[in-house]
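Undergrad: Sequence and predicted structure are below.
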Amino acid sequence: MSDQRTALVLGGGGITGIAWEIGVLAGLAEAGTDLSGADLVVGTSAGSVVGAQLTAGAGLEAMYGRQLEPPASERAARLDRATFARFAWAMLRSRGRDVDFRRRIGTLALAAEKAGVTPTEQERLDIIGARLAGVEWPDRKLVITAVDAATGEFRTFERDSGVPLLHAVAASCAVPGVYPPVTIDGRRYVDGGIRSAANADLAQGYDRLVVMAPLPRGIGPIASVDAQVTGMVSRVAVVSPDAESRTAIGPNVLDPASRAGSAKAGRAQAATVAELIAEVWKG
């Protein structure tokens, strides 16, 4: 096992996705498989928050306990029908061209910010900062994903990129039309989930891979998790919410009121996948 490199991929899924992933991770550790020591952690959107905490050494039980606390001042946000309609129109106009689609979504995000629909960039940085265990990059290999709002180019950030951890995570969490793009080196970045909900292909070359995917399906140019991991590594497991977890998560993944229930459901679900994960992770 010593020469087997492990990767943990944490996908996007909003506030409830953060809670669910932490619940699953805590439950797996309790069952005897602690994934926090992965050689590589890839974080997209919600997963970037979890990955940053995990690689900074935050204890899983402490992380889990925070998810059970009542929502404080953070208000629920929502992807409304108008925004979904704009996403669909961007998809149709892009005709399957990935970069074109992402560029159109970036344009949508910039327009929403200009119209005052989103919070300010500083407000979002403050909220994301409160979620992290620290603002310094960990020594561990953590890769965070985002997309250039102007060009649609996919971008990854890690310790040697020279980008502050807080800004990388905030960019990865910048849901277009809901939250503002984040400024990094003079450019604006949005949610890495508009390329793929998990970007699991970044774990190419690792021997053992576990993907936590609150939103595993793809649509149009947004790649599904299954499409990215098929045939990629020798051992792989994908965990997505079961029926009970989907009920706990509810219809709005950006509602802090559903956070505690999502964490509890994730922890309960861990018991049902613990054997599979242990086999993949430990062999």
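TA: It's in.
Undergrad: Tell me which stretches of the chain form strands.
TA: Remark: strands assigned in the chain by DSSP state E are 6-10, 40-43, 141-148, 154-157, 182-184, 187-191, 208-212, 235-239.
Undergrad: Listing partners with orientation, what would you give for the fifth one?
TA: In other words, strand 182-184. strand 187-191 (antiparallel) (DSSP bridges).
Undergrad: and the partner strand, which residues are buried?
TA: By neighbour count with 16 or more other CB atoms under 10 Å, strand 187-191 contains the buried residues 187, 188, 189, 190, 191. For the C-beta atoms, the positions are set from N, CA and C on the backbone; glycine is no exception.
Undergrad: then it to CSV, C-alphas only?
TA: In CSV, the C-alpha atoms belonging to strand 187-191 read as follows (Å, rounded to 0.1, in the frame of the first residue of the first chain):
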residue,chain,number,x,y,z
ARG,A,187,-8.9,38.8,-13.4
ARG,A,188,-12.4,37.7,-12.3
TYR,A,189,-13.1,34.1,-11.5
VAL,A,190,-16.3,32.0,-11.0
ASP,A,191,-17.3,28.6,-9.7
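Undergrad: now that strand: mean pLDDT?
TA: The average pLDDT within strand 187-191 is 97.
Undergrad: what about residue 116, neighbour count?
TA: Residues contacting residue 116 under the criterion other CB atoms under 10 Å number 8.
Undergrad: could the buried residues of strand 187-191 go into JSON lines alongside distance to residue 161?
TA: Below are those laid out as JSON lines (distance: CB to CB, whole Å):
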{"residue": "187", "distance to residue 161": "13"}
{"residue": "188", "distance to residue 161": "16"}
{"residue": "189", "distance to residue 161": "12"}
{"residue": "190", "distance to residue 161": "17"}
{"residue": "191", "distance to residue 161": "18"}
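Undergrad: and which of those is nearest residue 131?
TA: residue 191 (15.5 Å; CB to CB).
Undergrad: Residue 248 contacts residue 257, doesn't it?
TA: No: using CB atoms under 8 Å, residue 248 is not in contact with residue 257, being 11.3 Å away.
Undergrad: Relative to residue 193, how far out is residue 75?
TA: 21 Å (CB to CB, to the nearest Å).
Undergrad: What's the local residue count around residue 162?
TA: Residue 162 has 8 nearby residues by other CB under 10 Å.
Undergrad: one step back: got the strands of the chain as JSON lines, with distance to residue 110 columns?
TA: Output for those, formatted as JSON lines (distance: least, CB to CB, whole Å):
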{"stretch": "strand 6-10", "distance to residue 110": "27"}
{"stretch": "strand 40-43", "distance to residue 110": "24"}
{"stretch": "strand 141-148", "distance to residue 110": "11"}
{"stretch": "strand 154-157", "distance to residue 110": "16"}
{"stretch": "strand 182-184", "distance to residue 110": "11"}
{"stretch": "strand 187-191", "distance to residue 110": "7"}
{"stretch": "strand 208-212", "distance to residue 110": "30"}
{"stretch": "strand 235-239", "distance to residue 110": "33"}
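Undergrad: among the ones you listed, which is nearest residue 98?
TA: Of these, nearest to residue 98 by CB to CB is strand 154-157, at 8.4 Å.
Undergrad: If you rank every helix and strand of this structure by mean pLDDT, what lands last?
TA: Every helix and strand in the chain was compared by mean pLDDT, DSSP states H and E; the lowest is helix 81-94, with a mean of 66.
Undergrad: where are the low-confidence patches of the chain?
TA: 1-2, 79-80, 83-92, 94-96, 233 (pLDDT under 70).
Undergrad: Longest helix in it, please.
TA: helix 259-282 (DSSP state H).
Undergrad: Next, the buried residues of that helix.
TA: Buried-residue list, helix 259-282, by 16+ other CB under 10 Å: 259-270, 273-274, 277, 280-281.
Undergrad: report the angle between the axes of that helix and strand 208-212?
TA: 170 degrees (axes from the mean of the first three to the mean of the last three CA atoms, to 10 degrees).
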